[in-house]
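**Q** Quick one, structure for this:
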Amino acid sequence: MHNEEHIKECIASVQQSEGDYFQADDTAIIQAYKKEEENKSGIAIKTLAILGGFLACLAFIGFLFITGIFSSGGGLIIFGVLLLGSAIGISKTYDKVVHTTTSIAMYLIGLLLINFGCAELNLDINTMALISLGIGILTLGINQTLILSFVSVITISVCLLILILSNDHHSLIHLYTASMAALFTYIMLHETRLITMSLKLSKLYRPIRSGLLFSLIFGLIALGKKGLIEASPNSIWISSIAFSIIVVYLVYQILQQLKIHDQKKKTMIYILSILVLLSTVFAPSILGALLIILVCFLVNYKTGVAIGIAALIYFISQYYYDLNYTLLTKSIILFVSGILFLIFYLFITKKSTPHEEV
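**A** Modelled structure (predicted):
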């Protein structure tokens with residue numbers, strides 16, 4: 001009851017500030033809130049639900065294997081399509097945790113069956129990736145539930161990476177990471193505009209945001225893990241250029257948000273930012289993790305900040321491990337980079353504190 005009263009007070013406050021043209025359905029908003037609260041459950045329950053649904057689908061696949069359908073590529077594709085259709089239908093019809101997790105298990109297994117069927121029919125990996133890519137795009141258009149849409153975005157990004165790697169066009173990884181970084185930054189900075197454009201976009205915003213975040217991290221792993229791709233070491237800085245442009249823009253946005261207008265202070269912040277960027281020019285994965293932290297901090301997306309920090313720690317450790325230098329040289333590089341990061345953090349904190357107190 002307390003939460004309902006708080007919601008009504010918030011709506012009344014917005015209506016008073018916006019004027020008579022602002023209209024809101026109080027009853028529908030409260031009902032949507034109640035519905036979300038009813039469907040909340042602990043991580044243990046969600047895990048058990050996912051495991052139960054996955055085991056049930058595996059049992060069904062075992063039955064298909066016993067009946068000999070697995071020897072037929074066409075049969076695998078048919079059952080895969082049926083599972084995909086059932087998963088989407090269940091997800092659209094029911095919104096309980098058990099139904100949602102079961103639909104996810106059915107969707108993933110259906111996708112696997114289709115790919116197994118394509119392999120049985122001797123289709124090449126490019127065709128299989130394009131089919132899965134089309135399924136992911138089609139699912140986004142048909143279904144706007146949170147988890148299934150998130151899985152669809154991940155499916156699309158994984159298929160793009162497969163197409164890049166399977167065709168030995170490893171230099172395209174720079175285009176992939178730059179595109180994902182730009183898309184992620186755009187939707188993060190334009191949340192209000194996107195969720196008010198249409199009801200479908202408002203439902204897709206959260207899964208697309210999360211999906212793009214992990215899709216970007218997948219690309220950063222491909223860049224940061226030595227030997228994972230065959231891109232030339234001399235061109236590794238290409239991704240850093242795209243990330244640097246976005247980071248400088250984010251620093252500008254943060255300065256605007258903190259209302260720092262003193263030219264000397266702004267110049268000092270930009271100089272420190274450029275020094276940090278230069279120290280990571282040959283480690284685009286580290287720079288990408290910094291980009292994630294900055295954009296998530298700017299819009300107060302705490303989960304994204306936590307994921308970005310975890311990614312930053314991993315990529316710094318990976319970069320340190322892969323360096324072909326002596327232990328002393330590695331230590332000096334990390335020491336100098338760490339000092340730059342600390343100076344940048346202390347400077348931003350010092351300048352933002354007076355505004356926070358106001």
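**Q** C-alpha from now on. contacts and neighbour counts both.
**A** Noted.
**Q** got a list of what I137 touches?
**A** Residues near I137 by CA atoms under 8 Å, 6 or more residues apart in numbering: S152, V153, I156.
**Q** list the buried ones in stretch 104-124?
**A** The neighbour-count check on stretch 104-124 (16 or more other CA atoms under 10 Å) flags 104-118, 120 as buried.
**Q** Can you tell me which of those residues is nearest I307?
**A** Distances from I307 to the buried residues of stretch 104-124, taken as CA to CA, are shortest for I104 (23.0 Å).
**Q** Which members of the buried residues of stretch 104-124 occur in helices, if any?
**A** 104-118, 120 (DSSP state H).
**Q** State the distance from K200 to V299.
**A** Per CA to CA, to the nearest Å, K200 is found 22 Å from V299.
**Q** Then S91?
**A** Remark: distance between S91 and V299 (CA to CA) = 30 Å.
**Q** who has more neighbours, the two?
**A** Just comparing S91 and V299: by other CA atoms under 10 Å the higher neighbour count belongs to S91, 23 against 15.
**Q** right, and the more buried one touches T145 too?
**A** Yes. Judged on CA atoms under 8 Å, S91 makes contact with T145 at a distance of 6.9 Å.
**Q** List the buried residues of the host helix or strand of L213.
**A** Using DSSP states H and E, L213 sits in helix 199-224. Across helix 199-224, burial judged by 16+ other CA under 10 Å covers 200, 202-224.
**Q** and if you look at stretch 288-305?
**A** Neighbour count says stretch 288-305 has 288-298, 304-305 buried, by 16+ other CA under 10 Å.
**Q** Pull the number of nearby residues for the nearest residue to I238 once chain neighbours are set aside.
**A** Nearest residue to I238, sequence neighbours excluded (CA to CA, 6 or more residues apart in numbering): H174, at 6.6 Å. For H174, the neighbour count with other CA under 10 Å is 23.
**Q** Other residues contacting the helix or strand H174 falls within?
**A** Assigned by DSSP H and E, H174 belongs to helix 173-189. The contact list for helix 173-189 (CA under 8 Å, 6+ apart) reads 161, 164, 194, 209, 212-213, 215-216, 219-220, 222-223, 238-239, 242-243, 246, 288, 295-296, 299.
**Q** and that helix with helix 199-224, angle?
**A** Here helix 173-189 runs at an angle of 140 degrees relative to helix 199-224 (axes from the mean of the first three to the mean of the last three CA atoms, to 10 degrees).
**Q** and the helix or strand just after helix 173-189, what other elements does it pack with?
**A** For helix 173-189, the following helix or strand on the C-terminal side (DSSP H and E) is helix 191-195. Applying 3 or more CA pairs under 8 Å, 6 or more residues apart in numbering; DSSP states H and E, we find helix 191-195 packed against helix 199-224.
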